[in-house]
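Peer 1: turn this into a model:
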Amino acid sequence: MKNINYDLVKLLHTTLDTIWRLENHYIKDASAVKCHSEPALKKILEDEKKHAEMLREEIKMRIGGNTFD
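Peer 2: This is a model prediction of the structure:
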């Protein structure tokens, strides 16, 4: 696999892991203690979801263009 393709997959994996952690732990933990950081964490989650979609589209485009090898 070319480095760029590996990089995109690895970045998507890391981003999805961050999304999962925010949704399942970080935001809930902040909410439980009424932390002032909860809005910031929700904004980060929103941004990470956009990044995941961008990466998904990039990988899809590379697959469609037969450059995902």
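Peer 1: drop to CA atoms for contacts and neighbour counts, all remaining ones
Peer 2: Will do.
Peer 1: chain center to stretch 48-68: distance?
Peer 2: Computed by Cα atoms, centre = their mean, to the nearest Å, the separation of stretch 48-68 from the middle of its chain amounts to 12 Å.
Peer 1: mind listing what's buried in that stretch?
Peer 2: By neighbour count on 16 or more other Cα atoms under 10 Å, the buried set for stretch 48-68 is 48-49, 51-52, 55, 59.
Peer 1: among those, which are in helices?
Peer 2: If you go by DSSP state H, the buried residues of stretch 48-68 have 48-49, 51-52, 55, 59 in helices.
Peer 1: now tabulate those in a markdown table and tack on pLDDT.
Peer 2: As requested, those are exported to a markdown table (pLDDT from 0 to 100):
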| residue | pLDDT |
| --- | --- |
| E48 | 98 |
| K49 | 98 |
| H51 | 98 |
| A52 | 98 |
| L55 | 98 |
| I59 | 98 |
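Peer 1: out of those residues, who's nearest F68?
Peer 2: Of all these, F68 sits closest to I59, with 7.5 Å by Cα to Cα.
Peer 1: show me what contacts that closest one?
Peer 2: By Cα atoms under 8 Å, 6 or more residues apart in numbering, the contact set of I59 is 5, 8-9, 68.
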